[in-house]
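Asks: Provided below for reference: sequence and predicted model.
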Amino acid sequence: MKTVEIFTDGACSGNPGPGGWGAVLRYNGIVKELSGGEAQTTNNRMELSAVIAALSALKEPCRVILTSDSKYVTDGVTKGWAVGWRARGWKKSDGNPALNPDLWQKLLELLEQHSVEFVWVKGHAGHPENERCDALAVEQSKKYSV
């Protein structure tokens, strides 16, 4: 199984507001950058969108080391929150609706195809790939700013 490094970030100008996401994929010395955005979104939706787009770009099941500065994404997966929300019909443990169930569903499906290790890094702290993903995300969000 191939090992791919993925780095992701999301950005939003206002929350909600215009947003963007960026991802850097690295395999065997080859680097691919992906990015996108939406006119009216939230930071958490952009963080999830970056991870979904990056995993969706993989053409076969891979071992993935996924680095993100989003506690929402990393904890949502590693602490089992998203699996719990899905099991409860997209409700949190307090009975309130879980946010972004459409994106969490897509992500959980992708995680069944790949072996993914999540690594959290502090954002805006000089991590080169995280900084690049942030730049991609901000660049995309500006396309939707008025």
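Replies: Thanks, I have it.
Asks: Buried residues in the top helix by length along the chain, which are they?
Replies: Looking across the chain with DSSP state H, the single longest helix is helix 128-143. Neighbour counts over helix 128-143 (16 or more other CB atoms under 10 Å) mark E129, N130, E131, R132, C133, D134, A135, L136, A137, V138, Q140, S141 as buried. From N, CA and C alone the C-beta is placed, and that goes for glycine too.
Asks: low pLDDT regions in this protein?
Replies: The chain contains residues with pLDDT under 70 at 146.
Asks: And the helices in it, which stretches?
Replies: Counting by DSSP H, the helices of the chain are 43-56, 71-78, 81-87, 101-111, 128-143.
Asks: Pick the most deeply packed of those.
Replies: Highest mean neighbour count of the helices of the chain: helix 43-56, a mean of 24 (counted as mean count of other CB atoms under 10 Å).
Asks: just checking, A98 touches G89?
Replies: No - using CB atoms under 8 Å, A98 makes no contact with G89, being 9.1 Å away.
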